[in-house]
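Peer 1: Fold the stuff below for me.
(2 chains)
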Number of protein chains: 2
Amino acid sequence: MIRISILYPNTPGARFDMAYYVTRHMPRSIALLSAHPGFRSVSVEKGLGGGAPDTPPAFTAMCHYEFESVEAFMAAFMPHAAELQGDIPNYTDVAPTIQFNEIVLS
Amino acid sequence: MIRISILYPNTPGARFDMAYYVTRHMPRSIALLSAHPGFRSVSVEKGLGGGAPDTPPAFTAMCHYEFESVEAFMAAFMPHAAELQGDIPNYTDVAPTIQFNEIVLS
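Peer 2: Predicted structure coming up:
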């Protein structure tokens, strides 16, 4: 099982419209990607704070998609890449950090 | 519901013993923290690569604990903080990025 993490750095001065992200971008992304049989689960998160008290979170928002394999995710995502990536400027001017992970314990 | 993310940056030249982390540190951490009634789930992940082809992952490893609340996590973690944090040098010389998140969609 793999997880794709999309992390939005909490860059000072950057724009991030959490309402748009949570009520428009992510529901559309989930509707499109969850239609693939390799889809397993998704989690969308808002950063609350850092590990030390009264510190800001390193990331404003995170999204984690769990899929059966990297190939399954790519097959689910690629047909919708233009629409989903084209929507990013509607809620942020930050480039997300994206990474593929293997789930080793859960 | 909240998630605590512990992210280990993939710093060039840094040391990270994945075998120790996956077979010793995390099983001990999970045994201790999952005993608390506020515990919900945990995922431990190994970074495979970045979003662009043939790029390294930003993080060597990630761990995500889901708990009922920040208070529940702190109550579960604090009695074992010295043991668990003291074990970190046994597998890495990288300081993890830790953050608290609110789960807004799942």
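Peer 1: could you pull out the strands for chain A?
Peer 2: Under the criterion DSSP state E, chain A contains strands at A:2-9, A:39-50, A:59-67, A:97-105.
Peer 1: for these, which one sits closest to chain B?
Peer 2: strand A:97-105 (2.9 Å; CB to the nearest CB). The way it works is simple: take the backbone N, C-alpha and C, and place the C-beta from them, glycine included.
Peer 1: can you tell if that closest one touches chain B?
Peer 2: Yes: interface with chain B: strand A:97-105 contributes A:97-105 (CB under 8 Å from any CB of the partner chain).
Peer 1: for these, which one is nearest A:Ala31?
Peer 2: Nearest to A:Ala31 among these is A:Ile98, at 20.0 Å by CB to CB.
Peer 1: got CSV for the strands of chain A, with mean neighbour count and mean pLDDT too?
Peer 2: Shown next, in CSV, are those (neighbours: other CB atoms under 10 Å in any protein chain shown; pLDDT from 0 to 100):
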stretch, mean neighbour count, mean pLDDT
strand A:2-9, 22, 98
strand A:39-50, 19, 98
strand A:59-67, 23, 98
strand A:97-105, 18, 97
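Peer 1: And the contacts of stretch A:28-46?
Peer 2: Stretch A:28-46 is contacted by residues A:1, A:18, A:21-22, A:26, A:60-69, A:71-73, A:75-77, A:80, A:83-84, A:87, B:3, B:101-106 when judged by CB atoms under 8 Å, 6 or more residues apart in numbering or on different chains.
Peer 1: Let's see that with 7 Å instead.
Peer 2: Residues outside stretch A:28-46 that contact it (CB atoms under 7 Å, 6 or more residues apart in numbering or on different chains): A:1, A:18, A:22, A:26, A:61-69, A:72-73, A:75-77, A:80, A:84, B:3, B:101-106.
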